[in-house]
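Undergrad: I'd like to go over a predicted model; first the sequence, then the structure.
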Amino acid sequence: MPSYSQKPKTQDFRFHSGIEALPDAALILSPELIIISGNKKAQRLLGVRFPEDVGRNIEQLLVDPVFSEYLTQDNFESPCLITSPINDELQLEISVMAFGSERVILMSRAIAKYHRMKKMRREFVANVSHELKTPLTVVRGYVEMIQETDHALDPHWQKVFGTIEGQVSRMERLVEQLLSLSKVENNRDDDDMSPVDMPVLIENLVEDAKWLNQEKKHEIRTDIIQDVGVFGIETELKSACANLISNAIAYTPAGGVINVYWQRDGDKLVFSVKDNGDGIKADKLNRLTERFYRVDKSRSRDTGGSGLGLAIVKHVLLHHKAELIISSVWGEGSEFAIYFDEGTAC
Ligand code: ADP
């Protein structure tokens with residue numbers, strides 16, 4: 001029998017057979033919001049597992065500031081909208097209602113319209129980004145052409161052209177990142193999966209990083225186990241790992257140390273990048289994978305950051321059933337670790 005924080009009541013057993021017939025996901029909670037029971041749709045939409053999650057507070061499973069705020073209201077007349085904790089493509093409408101004084105019912109359903117909107121947004125972003133590539137190439141071409149003429153010798157114009165070139169580079173990087181994100185978001189095809197030689201992939205990325213990193217002269221150390229790869233999409237894994245390495249370089253002051261690991265940890269495989277750089281304040285950690293989120297906008301702009309890198313990482317990991325764990329101490333450094341299930345090893 002699962003451990004209830006509150007004893008189950010006879011009516012809960014009756015409820016349970018009733019809620020299974022409902023068209024929506026439904027959970028029966030105690031007034032303290034402890035999960036008592038729920039239907040199969042709640043498992044699919046909300047990721048609640050029975051009996052494992054019985055006895056847990058619903059806020060531990062639906063970790064969303066919108067939901068937490070919704071729960072603090074006095075009346076629950078209108079539902080709240082949150083993203084499903086197990087599928088970020090699903091927008092859920094959640095309603096909570098008291099059932100007598102002893103039980104609370106939480107109902108949830110997916111909103112189909114949201115899917116369509118999200119698909120439209122993805123296609124729009126991909127099209128616009130693609131269309132921006134040509135004009136940017138033309139502008140870059142002209143700037144480079146002018147820089148080779150006598151005009152560029154004047155220090156004033158040198159500065160002007162340098163600025164234009166810098167901004168064009170930023171836009172090119174942004175467009176590249178947007179295209180990369182929409183590609184990862186749109187990729188639903190498991191056919192691209194194949195064995196990926198992670199040790200070689202990581203070593204190549206580290207070599208590239210050392211080459212690109214000559215200015216800041218970080219010490220980049222590696223600890224890479226050989227002969228273990230993962231079954232996945234090589235281009236995506238490369239982009240995820242490269243993003244973590246380039247972030248460590250961007251947010252670690254000159255002379256810092258960056259450790260890149262590929263190791264076994266219990267029954268998991270871990271790719272991790274640890275730096276002794278800026279670090280991140282604890283209250284910012286859970287927002288890092290949001291699109292365009294940057295802890296310090298001006299700092300990130302200086303490093304050429306777009307705020308899309310970790311959003312790309314997050315989507316890549318969704319395809320690989322892997323998890324990103326971020327640990328950081330403000331002012332001391334950060335570690336970004338990707339945990340792969342043993343099942344994906346090859
Ligand atoms: P960006 O392109 O701005 O680097 P990311 O999505 O890759 O965007 O990262 C989001 C934010 O997370 C960054 O703007 C930065 O503030 C923070 N961040 C990422 N990696 C690190 C790191 N290794 N050390 C400190 N802050 C980091």
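TA: That came in fine, so what should we check first?
Undergrad: I figured residue 223 hits residue 270, correct?
TA: No. Applying CB atoms under 8 Å as the test, residue 223 and residue 270 come out as separate, 10.7 Å apart. From N, CA and C alone the C-beta is placed, and that goes for glycine too.
Undergrad: Identify the contacts common to the two.
TA: The contact sets of residue 223 and residue 270 overlap at 261, 262, 263 (CB atoms under 8 Å, 6 or more residues apart in numbering).
Undergrad: burial count for the second one?
TA: Residue crowding around residue 262 was assessed by other CB atoms under 10 Å; the count is 23.
Undergrad: Who is it paired with across the strands?
TA: Residues in a beta bridge with residue 262, per DSSP bridges, are residue 224, residue 271.
Undergrad: if I pick it, what's in contact with it?
TA: Shown in contact with residue 262 (CB under 8 Å, 6+ apart): 198, 199, 202, 223, 224, 225, 228, 269, 270, 271.
Undergrad: out of these, which one sits closest to residue 306?
TA: For the contacts of residue 262, the closest approach to residue 306 (CB to CB) belongs to residue 271, at 22.0 Å.
Undergrad: would TSV of the contacts of residue 262 with distance to residue 345 and pLDDT be doable?
TA: Formatted as TSV, the contacts of residue 262 follow (distance: CB to CB, whole Å; pLDDT from 0 to 100):
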residue	distance to residue 345	pLDDT
198	9	97
199	12	97
202	15	98
223	18	96
224	15	97
225	11	95
228	6	93
269	6	96
270	11	97
271	12	98
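Undergrad: out of those, which is most surrounded?
TA: The most crowded member of these, judged by other CB under 10 Å, is residue 198 (26 neighbours).
Undergrad: pretty sure that residue contacts residue 230?
TA: Yes. Using CB under 8 Å, residue 198 is in contact with residue 230, at 5.9 Å.
Undergrad: okay, and the common contacts of the two?
TA: Shared contacts of residue 198 and residue 230, defined by CB under 8 Å, 6+ apart, comprise 237, 269.
Undergrad: re earlier: distance to residue 275 and pLDDT added to the shared contacts of residue 223 and residue 270, as TSV?
TA: Listed next are the shared contacts of residue 223 and residue 270 as TSV, based on distance: CB to CB, whole Å; pLDDT from 0 to 100:
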residue	distance to residue 275	pLDDT
261	12	97
262	16	97
263	17	96
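Undergrad: Now for residue 203: which residues touch it?
TA: Residue 203 is in contact with 222, 224, counting by CB under 8 Å, 6+ apart.
Undergrad: would you list every one of the helices in this structure?
TA: For the chain, applying DSSP state H gives helices covering 10-20, 40-46, 58-61, 65-71, 112-147, 155-186, 198-212, 234-250, 297-302, 309-319.
Undergrad: so what secondary structure elements neighbour the fourth one?
TA: In terms of contacts (3 or more CB pairs under 8 Å, 6 or more residues apart in numbering; DSSP states H and E), helix 65-71 is packed against helix 58-61, strand 80-83, strand 91-99.
Undergrad: Present the shared contacts of residue 223 and residue 270 as CSV; the columns should include distance to the ligand.
TA: Shown next, in CSV, are the shared contacts of residue 223 and residue 270 (distance: CB to the nearest ligand atom, whole Å):
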residue, distance to the ligand
261, 14
262, 18
263, 19
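Undergrad: between those, which is nearest residue 340?
TA: Distances from residue 340 to the shared contacts of residue 223 and residue 270, taken by CB to CB, are shortest for residue 262, at 10.1 Å.
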